[in-house]
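Chemist: build me a model:
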Amino acid sequence: MTVNLENEVGPKYQRLKTHIIARIKDGDWSPAYQLPSEHELVNSLQVSRMTVNRALRELANEGYLTRVPGVGTFVAEIHSRSHFLEINNIADEVRERTHDYSANVILNRRDKLNSENARRIQLPPGSYAFHSIIVHEENHIPIQVEDRYVNPQVVPGYGDVDFTRTTPTEYLLEVAPLQEVEHTVQARMPSARVRKLLKLKENEPCLILLRRTWSMGKIASVATLYHPGNRYELSDHFKA
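Modeler: Got it, this is the predicted structure:
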């Protein structure tokens with residue numbers, strides 16, 4: 001690992017943490033990647049053993065790394081879980097695991113509906129709806145691509161929302177009281193675009209949740225939620 005810690009501001013252990021997080025976020029170090037040993041890091045970075053140990057220990061406590069005694073330090077696997085029957089805010093789910101949540105807003109605009117999306121949202125083909133694509137991240141690792149169309153007749157202010165400060169689910173639950181929900185789960189190979197956003201390998205499948213929600217007697221939104229098949233699960237428990 002080539003890192004120049006001398007040209008940056010702040011304690012050296014914090015600078016090292018920042019560089020490791022950047023490598024994980026950029027996809028250079030994927031889950032289960034083994035980091036160089038502490039001895040190798042001390043020699044290559046010309047820093048003290050205490051600096052390296054503190055940086056790795058804090059990153060492990062924060063959920064970025066996994067340390068296995070006698071074996072080494074690895075990029076942590078993110079195994080995220082959502083409830084199938086409930087409508088939950090993904091940001092809250094991540095924070096409940098004491099991990100960092102972040103969002104990358106790819107787009108949020110008005111788009112013309114094609115025939116398939118118009119059918120799903122029950123609007124005439126060629127009409128317009130709000131269209132957002134957001135990558136939700138846990139510890140800077142993408143865990144969900146949310147591709148959502150929102151009915152402007154039900155939620156006219158959707159296009160003005162800053163989804164780096166809130167999530168579509170949180171906003172919609174607030175402004176469009178939920179009346180009905182439809183869920184469909186699929187497993188299939190993602191498109192090249194989704195694969196790139198989730199940082200998946202070419203042969204990795206996706207777990208896909210198709211969701212429609214109703215409010216005020218109309219379909220409020222239709223969402224396609226893509227999850228990495230190897231690090232995400234949907235589960236629920238209920239009594240008859």
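
Chemist: mean confidence for the helix or strand hosting residue 108?
Modeler: Residue 108 belongs to strand 101-112 when assigned by DSSP states H and E. Confidence for strand 101-112, expressed as mean pLDDT, is 96.

Chemist: might one say that residue 44 is in contact with residue 36?
Modeler: Yes: with contact defined as Cβ atoms under 8 Å, residue 44 counts as touching residue 36 (7.0 Å). Backbone N, C-alpha and C define where each C-beta goes, glycine included.

Chemist: neighbour count winner among the two?
Modeler: residue 36 (15 against 12; other Cβ atoms under 10 Å).

Chemist: for the more buried one, helix, strand, or coil?
Modeler: coil (DSSP: H, G, I helix; E, B strand; the rest coil).

Chemist: so for it, what's the pLDDT?
Modeler: According to the prediction, residue 36 has pLDDT 89.

Chemist: same deal with the one 5 residues further on?
Modeler: The predicted local confidence for residue 41 comes out at a pLDDT of 88.

Chemist: so which bits of the helix or strand encompassing it are buried?
Modeler: Element membership of residue 41, judged by DSSP H and E, is helix 38-45. Residues 41, 42, 45 are the ones in helix 38-45 that count as buried (16 or more other Cβ atoms under 10 Å).

Chemist: output the contacting helices and strands for it.
Modeler: Applying 3 or more Cβ pairs under 8 Å, 6 or more residues apart in numbering; DSSP states H and E, one finds that helix 38-45 makes contact with helix 49-61.

Chemist: buried ones in the helix it packs on?
Modeler: In terms of neighbour count (16+ other Cβ under 10 Å), helix 49-61 has its buried residues at 51, 52, 54, 55, 56, 59.

Chemist: and the angle for that helix with helix 38-45?
Modeler: 120 degrees (axes from the mean of the first three to the mean of the last three Cα atoms, to 10 degrees).

Chemist: same question for helix 49-61, mean pLDDT?
Modeler: Mean pLDDT, computed over helix 49-61, is 90.

Chemist: this protein: helices as residue ranges?
Modeler: Using DSSP state H, the helices of the chain run over 12-25, 38-45, 49-61, 90-96, 115-121, 168-175, 192-198.
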